[in-house]
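Participant: the following comprises the amino acid sequence and a computationally predicted model.
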Amino acid sequence: LDLIRNPTDPNKVVLRIVDYKTGKAPHLKYNTATNERILDENFYQLKIYALLWNLTHQKKTDMSWDLRYLRLFYLTNHFDQGQYIDMDMGATAKEREDLLNEVHLDLIQVWKDIIELVDKQDPQAFHHCDRPFCFCHQAREKFLPDSLSEQIYLPPKP
């Protein structure tokens, strides 16, 4: 977490979550819609951190600091230089709350989807997600037919 001066009110402090990345910064060389999608995917993890921060600190503190900014700090980019990308979650508390509510609803849906797949007890029903950092891409191969995991996790066939 960083404490920074609010650009609209220099007497007020706001919070910024910073995530340091060892990979290359995305090269935003595409059309606006594609670049926005790339940034949205890259900031997803930080939005989850922001949601968790708000859920755990919002009502438990007297701090008047607002969590407003997210920063991805990449060690390198396509020019072999360090680069950071900032995201302002919104000028108002309502804008920030709406953004984080979307993330919260998305996570709830992901959890429901996981429960539904587990309840099916069918490893073939699982399909990889589109998040390259997700463990599901490595875990999928552990559920091959006649594998030990199939014997452990699946009920016996009639």
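Facilitator: That came through fine. Bear in mind the structure is a predicted one, so any value in this text is a computation, not a measurement.
Participant: what sits closest to the residue nearest the centre of the chain if chain neighbours are left out?
Facilitator: Nearest residue to the geometric centre of the chain (CA atoms, centre = their mean): Q45, 2.0 Å. Computed as CB to CB, 6 or more residues apart in numbering, the closest residue to Q45 that is not its neighbour in sequence is D19, at 6.8 Å. (Each C-beta comes from the backbone N, C-alpha and C, glycine too.)
Participant: which element, helix or strand, includes the residue nearest to the centre of the chain?
Facilitator: Per DSSP states H and E, Q45 falls inside helix 32-57.
Participant: list the buried ones in that helix?
Facilitator: Within helix 32-57, the residues that count as buried by 16 or more other CB atoms under 10 Å are N42, F43, L46, K47, Y49, A50, L51, N54.
Participant: that helix - what's its average pLDDT?
Facilitator: Helix 32-57 carries an average pLDDT of 91.
Participant: what packs against that helix?
Facilitator: Packed against helix 32-57 by the contact rule (3 or more CB pairs under 8 Å, 6 or more residues apart in numbering; DSSP states H and E) you find strand 9-24, strand 66-76, strand 83-88, helix 93-120.
Participant: what's the least confident stretch among the ones you listed?
Facilitator: Lowest mean pLDDT of the helices and strands packed on helix 32-57: strand 9-24, a mean of 84.
Participant: list the buried residues of that one.
Facilitator: V14, L15, R16, I17, K21.
Participant: ok, so of these, who is nearest N101?
Facilitator: The nearest member of those to N101, counting by CB to CB, is I17 at 17.4 Å.
Participant: okay, P7: pLDDT?
Facilitator: For P7, the predicted pLDDT is 63.
Participant: biggest separation within the buried residues of strand 9-24, which pair?
Facilitator: Greatest spatial distance in the buried residues of strand 9-24: V14 and K21, 22.2 Å, computed using CB to CB.
Participant: picking that back up, and the residue nearest to Q45, bridged to which residues?
Facilitator: L72 (DSSP bridges).
Participant: so it is in contact with L75, correct?
Facilitator: No - the criterion here is CB atoms under 8 Å, and D19 misses it with L75 at 11.8 Å.
Participant: OK, contacts around the residue nearest to Q45?
Facilitator: By CB atoms under 8 Å, 6 or more residues apart in numbering, D19 lies in contact with Q45, L46, Y49, L70, R71, L72, F73.
Participant: which of those residues sits closest to A125?
Facilitator: For those, the nearest to A125 is Q45 (26.3 Å; CB to CB).
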